[in-house]
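K.L.:
Here's my sequence, what's the structure:
(one chain, ligands or ions: 2)
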Amino acid sequence: MYVAAIDQGTTSTRCLVVDHGGRVVAGHQLEHRQILPRAGWVEHDATEIWENTREVCAGALARADLKPHDIAAVGITNQRETTLVWDRTTGQPIHPAIVWQDTRTEAICRRLGEDGGPDRYRERTGLPLATYFAGPKIAWILDHVDGARQRAEAGELAFGTMDSWLVWNMTGGPDGGLHVTDVTNASRTLLMDLRTLAWDEEIAADLGVPLAMLPQIRSSSEVYGTVREGGVLAGVPIAGILGDQHAATFGQVCFEPGMAKNTYGTGNFVLLNTGTEPVVSEHGLLTTVCYRIGDEPAVYALEGSVAVTGSLVQWLRDNLGLIASAEEIEPLARTVDDNGGAYVVPAFSGLFAPHWRSDARGAIVGLTRFVDRGHLARAALEAAAFQSQEVIEAMAADSGVQLSELKVDGGMVANELLMQFQADLLGVDVVRPVVAETTALGAAYAAGLAVGFWDSAAELVANWAEDKRWTPQMPDDERQRLLGQWAKAVQRTLDWETT
Ligand SMILES: Nc1ncnc2c1ncn2[C@@H]1O[C@H](COP(=O)(O)OP(=O)(O)O)[C@@H](O)[C@H]1O
Ligand SMILES: O=P(O)(O)OC[C@H](O)CO
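P.N.:
Ligands and ions are numbered 1, 2, ... in the order given. Have a look, this model is predicted:
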């Protein structure tokens with residue numbers, strides 16, 4: 001028997017089949033369109049994502065020559081915060097999904113902050129008021145689609161992040177589909193109380209979001225239901241749901257307080273397990289539910305979310321044509337010894353943690369005629385490491401935890417130059433596991449635990465194996481000089497977009 005995981009990410013959807021040893025035996029992946037109707041707006045077609053999901057599940061099973069009855073359970077992990085509202089009767093979205101990077105809710109967030117400031121809901125939700133989160137995106141859709149708020153109040157519309165959308169469709173859609181989410185996804189809405197793990201009625205009222213449209217909040221590891229007859233995974237229990245960064249933390253087996261991982265994908269997300277009590281950040285981090293297994297107490301995390309890292313590499317490829325593929329950035333960056341004094345601050349969606357400045361916009365600074373393509377490639381990679389360093393420093397200040405090493409995963413960790421630079425900047429070892437698909441692995445683990453495919457967390461810990469380790473080599477004075485220059489570069493991006 002095997003466990004399947006669906007990883008519905010920002011740029012693509014994949015399905016992986018995992019064996020008892022945590023090895024990936026087959027997988028299939030499809031990209032979906034990034035719809036960019038205007039500056040600052042990012043949308044996805046949720047119907048395309050659902051079709052891709054079915055296709056990748058069928059593809060993964062076919063490649064492994066497996067049938068649904070070979071799959072003990074399926075887990076779902078997803079891009080978080082991306083917001084969809086659909087009609088419960090027709091099953092059709094009433095608006096394209098608004099993606100987490102989208103900044104259209106800036107005015108809504110500013111208005112909400114007029115009473116109590118941007119940290120108005122931080123104590124209760126763990127989050128600052130920012131365009132990143134789902135609640136204001138729901139409010140925007142209800143404000144802009146004719147009659148939507150009234151229909152939502154009447155219970156005709158459903159809100160969900162991609163986990164809810166997929167589970168609803170997998171379990172029957174308009175024909176009895178389950179409307180659920182898990183605590184980790186709910187903790188990204190600005191609508192969930194971190195301690196009660198229930199929707200906060202007062203905040204929902206402030207945002208004008210009717211409770212009738214919200215999914216039921218469940219744990220991250222339990223049997224929610226089974227895939228409907230005729231579905232690609234017909235009869236398979238759906239038994240795990242985790243936001244993708246929480247899933248990666250689970251897949252990296254960060255089960256003890258003080259353990260952390262950094263995922264380098266479209267953006268970077270550092271999560272530090274802080275145990276069963278939430279730590280409210282004073283240094284610009286988010287407090288989030290790390291995971292909850294069945295009826296056990298929820299485990300919390302501090303999170304440093306960085307909006308743009310790998311997507312800067314895509315931007316160099318797609319918008320500037322500097323490279324033809326993401327992999328080419330490393331050889332290009334290796335044509336030079338250092339960044340030549342250039343810094344790229346990719347504040348494309350403003351700056352997320354630890355700054356939370358929606359008025360920031362991207363900048364390339366330190367330019368002289370000496371700077372060439374290689375320096376820019378290098379500066380773009382370094383930006384991922386500088387931004388990670390900032391949030392890890394904030395984490396130490398909030399939690400008192402000094403990391404002894406950093407576990408890493410995600411598409412960018414193939415980049416050895418970046419990994420070495422990250423170790424140099426942090427002054428601690430950076431460690432990459434053999435299975436770099438930790439996000440899907442985490443979802444598989446959550447689902448497998450719920451059905452007894454794995455008996456305990458200890459079994460999962462035994463599956464984790466180190467692939468490669470990078471050790472700091474940079475002298476401290478050089479590290480301090482670079483960090484100082486980066487801080488100055490960040491200052492240059494602020495107060496740019498003032499509307
Ligand atoms: N060798 C590489 N060097 C730098 N960046 C890379 C490399 N390979 C992939 N990437 C970047 O990694 C990202 C893809 O990582 P992935 O973990 O699949 O992202 P996501 O799950 O966010 O879609 C892309 O943004 C891509 O630009
Ligand atoms: O889909 P990813 O890997 O880019 O992750 C997106 C995050 O969940 C956004 O919060």
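K.L.:
Could you tell me which residues of the chain lie near ligand 1?
P.N.:
Neighbours of ligand 1 within the chain, by C-beta under 6 Å from any ligand atom: 9-12, 265-266, 310-311, 313-314, 326-327, 329-330, 410-412, 414-415. In this view, the C-beta of every residue, glycine as well, is placed from N, C-alpha and C.
K.L.:
Closest residue of this protein to ligand 1?
P.N.:
Ligand 1 sits closest to G411 of the chain, with a gap of 2.0 Å, by C-beta to the nearest ligand atom.
K.L.:
How confident was the prediction at that residue?
P.N.:
Per-residue confidence (pLDDT) for G411: 91.
K.L.:
Likewise for G117?
P.N.:
89.
K.L.:
What count of nearby residues applies to it?
P.N.:
Residues lying near G117 (other C-beta atoms under 10 Å) number 11.
K.L.:
any idea which helix or strand carries it?
P.N.:
G117 is part of no helix or strand, with elements assigned from DSSP states H and E.
K.L.:
For it, give me the backbone phi and psi.
P.N.:
Main-chain dihedrals, G117, degrees, to the nearest 10: phi 80, psi 180.
K.L.:
Same question for T288.
P.N.:
Dihedral angles for T288 - degrees, to the nearest 10 - are phi -140, psi 160.
K.L.:
quick one: contacts for the residue nearest to A446 when sequence neighbours are not counted?
P.N.:
Excluding its sequence neighbours, the residue lying closest to A446 (C-beta to C-beta, 6 or more residues apart in numbering) is G240, at 3.1 Å. Going by C-beta atoms under 8 Å, 6 or more residues apart in numbering, G240 touches 5, 73-77, 220-221, 443-450.
K.L.:
Doesn't G240 belong to a strand?
P.N.:
Yes - checked against DSSP: H, G, I helix; E, B strand; the rest coil, G240 lies within a strand.
K.L.:
Now the phi/psi pair for the residue of the chain closest to ligand 1, please.
P.N.:
The phi/psi pair for G411 (degrees, to the nearest 10) is phi -60, psi -30.
K.L.:
which helices and strands sit right next to the lengthiest helix in the chain?
P.N.:
Identified as the longest helix of the chain according to DSSP state H is helix 373-399. On a contact count with 3 or more C-beta pairs under 8 Å, 6 or more residues apart in numbering; DSSP states H and E, helix 373-399 meets strand 260-264, strand 268-275, strand 299-306, helix 310-318, helix 329-333, strand 343-345, helix 416-426, helix 476-493.
K.L.:
where's the third one relative to the chain centroid, distance-wise?
P.N.:
Looking back up the chat, that one is strand 299-306. Averaging C-alpha positions (C-alpha atoms, centre = their mean, to the nearest Å) puts strand 299-306 10 Å from its chain's average.
K.L.:
What strands line up against that strand, and which way round?
P.N.:
Strand 299-306 pairs in its sheet with strand 268-275 (antiparallel), strand 286-291 (antiparallel), by DSSP bridges.
K.L.:
Okay, angle between that strand and helix 373-399 too, please.
P.N.:
150 degrees (axes from the mean of the first three to the mean of the last three C-alpha atoms, to 10 degrees).
K.L.:
buried residues in strand 299-306?
P.N.:
Using 16 or more other C-beta atoms under 10 Å as the burial criterion, the residues of strand 299-306 that qualify are V299, Y300, A301, L302, E303, G304, S305, V306.
K.L.:
State the mean pLDDT of it.
P.N.:
The model assigns strand 299-306 a mean pLDDT of 96.
K.L.:
Pick the most buried one from the strands paired with strand 299-306.
P.N.:
Most buried of the strands paired with strand 299-306, by mean neighbour count (mean count of other C-beta atoms under 10 Å): strand 286-291, with a mean of 28.
K.L.:
re earlier: could the helices and strands packed on helix 373-399 go into TSV alongside distance to ligand 2?
P.N.:
Formatted as TSV, the helices and strands packed on helix 373-399 follow (distance: least, C-beta to the nearest ligand atom, whole Å):
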stretch	distance to ligand 2
strand 260-264	7
strand 268-275	6
strand 299-306	6
helix 310-318	8
helix 329-333	18
strand 343-345	19
helix 416-426	17
helix 476-493	21
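K.L.:
check contacts around A385.
P.N.:
L418, F421, Q422, L425.
K.L.:
wait, A423
P.N.:
D429, V430, W470, T471, P472, Q473.
K.L.:
Could you do G225 as well?
P.N.:
V167, T171, L178, P237, I238.
K.L.:
What separation is there between it and G366?
P.N.:
According to C-beta to C-beta, to the nearest Å, G225 and G366 sit 54 Å apart.
K.L.:
Using neighbour counts, give me the buried entries of the residues of the chain next to ligand 1.
P.N.:
9-12, 265-266, 310-311, 313, 326, 329-330, 410-412, 415.
K.L.:
Go through these and name the one nearest F255.
P.N.:
G410 (19.8 Å; C-beta to C-beta).
K.L.:
Surely the closest one touches A436?
P.N.:
Yes - under the criterion of C-beta atoms under 8 Å, G410 makes contact with A436 at 7.4 Å.
K.L.:
Inside strands: which ones of the contacts of G240?
P.N.:
Among these, DSSP state E puts A5, A73, V74, G75, I76, T77, S221 in strands.
K.L.:
Pull the number of nearby residues for the second one.
P.N.:
Pointing back at A73 there. The burial count for A73: 27, using other C-beta under 10 Å.
K.L.:
List the beta-bridge partners for it.
P.N.:
Beta-bridge partners, per DSSP bridges, of A73: V3.
K.L.:
For it, give me its contacts.
P.N.:
Going by C-beta under 8 Å, 6+ apart, the list of residues near A73 reads 3-4, 223, 236-240, 447-448, 450-451, 453.
K.L.:
swap in the last one?
P.N.:
Listed by C-beta under 8 Å, 6+ apart, the contact partners of S221 are A239, G240, Y291, R292, I293, G294, A446, A447, L449, A450.
K.L.:
Buried ones among these?
P.N.:
For these, buried by 16+ other C-beta under 10 Å: A239, G240, Y291, R292, I293, A446, A447, L449, A450.
K.L.:
if I look at the nearest residue to the fifth one once chain neighbours are set aside, how far off is A383?
P.N.:
It stands for I293. In space, and not counting its chain neighbours, I293 is closest to S221: 4.5 Å by C-beta to C-beta, 6+ apart. From S221 across to A383, the span is 35 Å (C-beta to C-beta).
K.L.:
Please apply the same query to T274.
P.N.:
27 Å.
K.L.:
T11 now?
P.N.:
T11 is 19 Å from A383, by C-beta to C-beta.
K.L.:
now do L214
P.N.:
On the measure of C-beta to C-beta, L214 and A383 end up 36 Å apart.
K.L.:
got the buried residues for stretch 422-433?
P.N.:
Applying 16+ other C-beta under 10 Å to stretch 422-433 flags Q422, A423, D424, L425, L426, V428, V430, V431, R432, P433 as buried.
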